[in-house]
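Colleague: what follows is a predicted structure for the sequence shown.
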Amino acid sequence: MTQFIFSKKAWFFHAFFIFSINIIAQSPVWTEDFEYPMGDEIGNHGWIFENYNPYLKVCPGLTFKGYAGSGIGNGLQIEEENKNAARHRFPQISEGCVYVSFLVQFNSNLKSQYFFTLWDGNMPSWAGGTDTKFAFNGRIYAENNANFDSKLNIGLSFHDNAKAVYTTDKPVTIGETYLLVIKYEIIPGDNNDKVSLFLLDHVLNKEPNEPLLGPLSDNASNGDIFPAGLMFRPSHTGQDIVVDGIRVGTTWESVISTASSGMSETITENNTLQINKDAQHIIITLPKKEEINVYAINGSLVLSVKGNQGKNRIPVFNKGVYIVTAGQRKGVIIF
């Protein structure tokens, strides 16, 4: 009987390990849902600034049907030129592709300035760091549409502002929420990486064959980067942009698919736990009181607690892949 129980447990973890690997491939490497109090300066929450100008602040968040980052926490308001650009590092990605998705709502007319860029994670010399390279590749812009006061054209450049290209056949409407996805392709060799930009008005679980803009490259001396962070940038008076639900990953599915949050309707129907996370906790939503068990990927029990109906916040002290069970449901989460 003991041998049977052991074999059954071993089979469970072997099967769930295969399931976990599939989920890992669809999981983001970093997320930001601005789960902070309204009006907070995000410099208090791990975001990096260059000087002592006022920080950007937390504002009401955005929703977008079917998107993993929709309706969680709050958002970030990017406004006024005298406020700091906000940077945040994520784990460096040095091969393959980097995808960054986020919700965006433009609430004002804009000049031709970039409001988002990828970053190599090194602080420049003028901001107290030692880096002398202006390593901001994959810049996203917005500017007024000449024909419609209520619409904006979206732009993209690899690095050089003077080389930015804009779309005129698919303008965005001021006040509406869109899903932007930027793709950075790391290509072996020098000065040959590429960036592409996708604009979605509904969720697409597969990457489109054609982006809105790109792929663009730039053989300038500034060169390529291994992305390790991102930046949102106020650029002029009157600017008002809200962003929310940021996802960084290495595949389209990792930043777009609802599976990336561990909370998709499909997964729930397949008897899988509703799991999310913040910087220090696994967040498990239960329909009733149940025992929660947290396992390491090798099957060893890390923690067992009595879960309550609703959200349960389980502290996590080490990076890794964790398997979580409650009753007959199970899930996986990456820290």
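Modeller: Now that the structure is in, tell me what you want to look at.
Colleague: going forward, measure contacts and count neighbours with C-alpha atoms only.
Modeller: Noted.
Colleague: give me the mean pLDDT for stretch 163-179.
Modeller: Here stretch 163-179 scores 92 as its mean pLDDT.
Colleague: please measure how far the first residue of it sits from its last one.
Modeller: Terminal residues of stretch 163-179 are spaced 24 Å apart (CA to CA, to the nearest Å).
Colleague: list the buried residues in that stretch.
Modeller: 164-167, 171-174, 177-179 (16 or more other CA atoms under 10 Å).
Colleague: contacts for that stretch, please.
Modeller: 62-64, 101-109, 145, 150-158, 199-203, 212-213 (CA atoms under 8 Å, 6 or more residues apart in numbering).
Colleague: show me what contacts residue 116?
Modeller: Shown in contact with residue 116 (CA under 8 Å, 6+ apart): 139-141, 230-233.
Colleague: okay, and it sits in which element?
Modeller: For residue 116, the host element (DSSP states H and E) is strand 113-119.
Colleague: ok, that strand: who's next to it in the sheet?
Modeller: Paired strands of strand 113-119, with direction, are strand 139-144 (antiparallel), strand 229-232 (antiparallel) (DSSP bridges).
Colleague: re the thing from before, so of the buried residues of stretch 163-179, which ones are in strands?
Modeller: 165-166, 172-173, 177-179 (DSSP state E).
Colleague: identify the farthest-apart pair in these.
Modeller: 165 and 177 (21.9 Å; CA to CA).
Colleague: residue ranges with poor pLDDT in the chain?
Modeller: 1-26, 51-54, 81-82, 125-134, 219-222, 257-272, 279, 297-298, 335 (pLDDT under 70).
Colleague: domain parsing for it?
Modeller: 30-260, 262-334 (automatic domain parsing).
Colleague: what ranges does the stretch 151-300 of the chain have for its helices?
Modeller: 252-256, 265-269 (DSSP state H, counting those that start in this stretch).
Colleague: by contact count, what packs against the first one?
Modeller: Here helix 252-256 is seen to pack against strand 96-106, strand 240-249 when contacts are counted using 3 or more CA pairs under 8 Å, 6 or more residues apart in numbering; DSSP states H and E.
Colleague: redo the ones you listed as a markdown table? Include mean neighbour count.
Modeller: As requested, the helices and strands packed on helix 252-256 are exported to a markdown table (neighbours: other CA atoms under 10 Å):
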| stretch | mean neighbour count |
| --- | --- |
| strand 96-106 | 22 |
| strand 240-249 | 24 |
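Colleague: which one of those strands lies closest to residue 191?
Modeller: strand 96-106 (15.3 Å).
Colleague: still on that earlier bit, now, of the contacts of stretch 163-179, which are buried?
Modeller: 62-64, 101-109, 145, 151-158, 199, 203, 212-213.
Colleague: first-to-last residue distance for stretch 64-76?
Modeller: Using CA to CA, the end-to-end distance of stretch 64-76 comes out at 16 Å.
Colleague: just the buried positions in that stretch, please.
Modeller: Buried, per 16+ other CA under 10 Å, within stretch 64-76: 64, 66-76.
Colleague: pick the one among those residues closest to residue 43.
Modeller: Closest to residue 43, out of all of the buried residues of stretch 64-76 and judged by CA to CA, is residue 76, at 11.6 Å.
Colleague: residues contacting that closest one?
Modeller: 34, 56-61, 242-244 are the contacts of residue 76 under CA under 8 Å, 6+ apart.
Colleague: save those as a markdown table, and put in distance to residue 119 too.
Modeller: A markdown table is the format used below for the contacts of residue 76 (distance: CA to CA, whole Å):
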| residue | distance to residue 119 |
| --- | --- |
| 34 | 20 |
| 56 | 18 |
| 57 | 21 |
| 58 | 22 |
| 59 | 24 |
| 60 | 26 |
| 61 | 24 |
| 242 | 20 |
| 243 | 18 |
| 244 | 19 |
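Colleague: re the thing from before, which of the buried residues of stretch 64-76 sit farthest apart?
Modeller: 66 and 76 (20.5 Å).
Colleague: hang on, isn't residue 233 packed against residue 80?
Modeller: No: using CA atoms under 8 Å, residue 233 is not in contact with residue 80, being 9.6 Å away.
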